[in-house]
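*Asks:* Predicted model and sequence follow; I will ask about them next.
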Amino acid sequence: MTSSQKSALENLLPKYGVKYSLDLGLLPSSLLGNPELPLIIDIGFGDGELLVATAEEQKEINFIGIEVYDAGIGHCLKLIDEKKVNNLKLVSGDAVDVMKFGIVEKSINEINLFFPDPWPKKRHHKRRIINNGFIALMSEKLVNSGTVNISTDWEDYADQIGDLFSKRGEFLEKSSASRDISTKFERRGISLGHDIFNFTYELISQ
Ligand SMILES: C[S@@+](CC[C@H](N)C(=O)[O-])C[C@H]1O[C@@H](n2cnc3c(N)ncnc32)[C@H](O)[C@@H]1O
């Protein structure tokens, strides 16, 4: 982590976000912005370049980014401060805990999971964030007709994602919208000659 990322984490996280711990329970309402506006959550936003650019473009939406990587959070906090983005807040913490305990049911309109850690070794596949339990958690927190957007450059992860969602009944696959800006890990995948697999799933009304 650079010294400026470290200083952003110390000085700007209290202003633009929160460090999540289980004793916090639900995320403070100040973090969720205007309750009249839709809410998009980005899980594992990395350096946050795409997230900040999207929040700047879509001011009528509240964004929350969840990340565990301090250098990425520091980088993103600096961007939020420099660009004076006021519809994006960050949560430093494990997205599984934040989703489970920090977020009210049926309150998220869209969840983005762009290039989640691939854990390529077979014995590590169980560490992949997208599994049955996490899909069930997302379906609890999404509003009816809410969507999940997932991208990966790992073919076997893409196969696994497709299988997991198709075996469950609560999502319909839709075509994915294209993004104007690529993420750091998307560019990395392309430079390695990987194909990019994009998925969009819509929660069927329950
Ligand atoms: C491969 S990177 C992709 C980053 C970014 N979305 C991109 O496309 O460039 C995956 C990110 O997910 C974060 N991550 C992994 N597990 C997480 C978890 N349980 N909660 C929050 N973030 C997580 C990692 O720290 C990492 O920054």
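*Replies:* The structure has been received and is ready for your questions.
*Asks:* CA only for contacts and neighbour counts going forward, please
*Replies:* Fine.
*Asks:* quick one, longest strand in the protein?
*Replies:* The residue-count maximum for a strand in the chain (DSSP state E) belongs to strand 142-152.
*Asks:* next helix or strand past the lowest-mean-pLDDT helix or strand in the chain?
*Replies:* Lowest on mean pLDDT, DSSP states H and E among the helices and strands of the chain sits helix 29-32, with a mean of 90. Sequence order places strand 39-43 as the next helix or strand after helix 29-32, per DSSP states H and E.
*Asks:* Sheet-wise, list the partners of that next one with their directions.
*Replies:* Next to strand 39-43 in the sheet, as set by DSSP bridges, lie strand 62-67 (parallel), strand 108-114 (parallel).
*Asks:* For the helix or strand that it is followed by, the averaged confidence score.
*Replies:* Moving toward the C-terminus from strand 39-43, the next helix or strand (DSSP H and E) is helix 49-57. The average of the pLDDT scores along helix 49-57 is 97.
*Asks:* what's the answer for stretch 17-27, then?
*Replies:* Stretch 17-27 carries an average pLDDT of 97.
*Asks:* list the buried ones in it?
*Replies:* With burial defined by 16 or more other C-alpha atoms under 10 Å, the residues of stretch 17-27 counted as buried are Gly17, Val18, Lys19, Tyr20, Leu27.
*Asks:* Repeat that for stretch 148-155.
*Replies:* By 16+ other C-alpha under 10 Å, the buried positions in stretch 148-155 come out as Val148, Asn149, Ile150, Ser151, Thr152, Asp153, Trp154.
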